[in-house]
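Novice: sequence first, predicted model second:
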Amino acid sequence: MATFKIEHDRPACIGCGACAAVAPEFWYMHDDGKSDIKGAKATKKGDEIILEELELDDLKNNMEAAEVCPVNCIHIFENGKKKI
């Protein structure tokens with residue numbers, strides 16, 4: 001089991017691109033103007049992605065991506081406990 005989990009509340013994303021700017025190896029801007037996590041598991045409601053999840057052993061700079069998000073739609077968990 002991975003140590004960290006990143007959750008992205010995609011409907012809340014405003015597409016500012018801050019996450020992709022600070023962690024481009026994990027985040028990218030989708031054609032619809034919102035960000036996505038590379039390699040994440042997506043939960044959908046109809047055709048809309050409502051949640052993305054990625055489990056990692058090393059958080060790298062994803063904490064910074066969560067901290068710079070102006071709408072706090074990136075959530076970081078460590079060993080099941082929410083960090084941000």
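Specialist: That came in fine, so what should we check first?
Novice: most distant residue from the centre of the protein?
Specialist: Most distant from the centre of the chain: Gly46, at 20.2 Å, with distances by CA atoms, centre = their mean.
Novice: that one and Met1, how far apart?
Specialist: Counting by CB to CB, to the nearest Å, the gap from Gly46 to Met1 is 30 Å. In short, each C-beta sits where N, CA and C put it, glycine included.
Novice: all helices of this protein, in order?
Specialist: For the chain, applying DSSP state H gives helices covering 18-22, 62-68.
Novice: export those to JSON lines and tack on mean pLDDT, mean neighbour count and distance to Glu53?
Specialist: Formatted as JSON lines, these follow (pLDDT from 0 to 100; neighbours: other CB atoms under 10 Å; distance: least, CB to CB, whole Å):
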{"stretch": "helix 18-22", "mean pLDDT": "98", "mean neighbour count": "20", "distance to Glu53": "15"}
{"stretch": "helix 62-68", "mean pLDDT": "97", "mean neighbour count": "19", "distance to Glu53": "12"}
